[in-house]
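Engineer: A structural model of the following input is requested.
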Amino acid sequence: MENSNTQNAIFTTNFKAGQRMFYLDMREAKNNSKYLKITERKFTEDGDFENHGIMIFEQDFEKLSKAISEAMSKVDFKEVAKKESKKTGSEFPNQGLKWSEEDEVKLEKLFKKGNSIEAMMKVFGRSEKGITSRLEKLELIEA
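Structural biologist: Numbering: from 1, shown residues only. This next block holds a predicted model:
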């Protein structure tokens, strides 16, 4: 990026989604107002890339947040993970998903009943590391 663009950067992050990269840059304008610049970089068939961007200004941040939350509430992330695991062949369809309070309560009960890590891995569709790290967070085992 050009130096003038990085001077007003407050926070920058990015993520890859298939053949696309998304960049999120929180910036400050000369008048001290904040804005979010979202850029999609898409690679083209000829090996080049094209960028598409939008800017959202601070007076609209709350509207954006509410709209994203509303949209995300319509997605069953466990179902998405199951579909992805079928694509990738993962035996842990819930790996990387947020633990629900209900699942944490169930994990604690199963652990206190003496169920093995392997058995809990099957119940929750998570790796050994996922189970043990959650048991550590719940202070049921030591790190």
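
Engineer: shaky segments in this protein?
Structural biologist: Along the chain, the parts satisfying pLDDT under 70 run over 1-7, 84-90.

Engineer: how is it partitioned into domains?
Structural biologist: Residue ranges of the domains in the chain are recorded as 3-72, 77-137, according to automatic domain parsing.

Engineer: who touches stretch 113-122?
Structural biologist: Outside stretch 113-122, the residues that touch it by CB atoms under 8 Å, 6 or more residues apart in numbering are 92, 107, 110-111, 123, 126-128, 130-132. Yep, even glycine has a C-beta here, placed from its N, CA and C like the rest.

Engineer: select, out of the domains of the chain, the one closest to residue 143.
Structural biologist: With CB to CB as the criterion, residue 143 lies closest to domain 77-137 of the domains of the chain, at 4.9 Å.

Engineer: give me the distance between the two termini of the closest one.
Structural biologist: Domain 77-137 has its terminal residues 22 Å apart, counting by CA to CA, to the nearest Å.

Engineer: quick revisit: most tightly packed of the domains of the chain?
Structural biologist: Among the domains of the chain, domain 77-137 has the highest mean neighbour count (mean count of other CB atoms under 10 Å), at a mean of 14.

Engineer: and that domain, how far out from the chain's middle?
Structural biologist: Centroid separation for domain 77-137 versus its chain: 17 Å, with CA atoms, centre = their mean, to the nearest Å.

Engineer: and the contacts of stretch 113-122, which two are furthest apart?
Structural biologist: Taking CB to CB, the two most distant members of the contacts of stretch 113-122 are 92 and 111; they sit 18.0 Å apart.

Engineer: what would the domains of the chain look like in JSON lines with distance to residue 143?
Structural biologist: Listed next are these as JSON lines, based on distance: least, CB to CB, whole Å:
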{"stretch": "domain 3-72", "distance to residue 143": "28"}
{"stretch": "domain 77-137", "distance to residue 143": "5"}
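
Engineer: and the helix or strand hosting residue 26, what other elements does it pack with?
Structural biologist: In this assignment (DSSP states H and E), residue 26 forms part of strand 20-28. Contacts defined by 3 or more CB pairs under 8 Å, 6 or more residues apart in numbering; DSSP states H and E place strand 20-28 against strand 9-17, strand 34-43.
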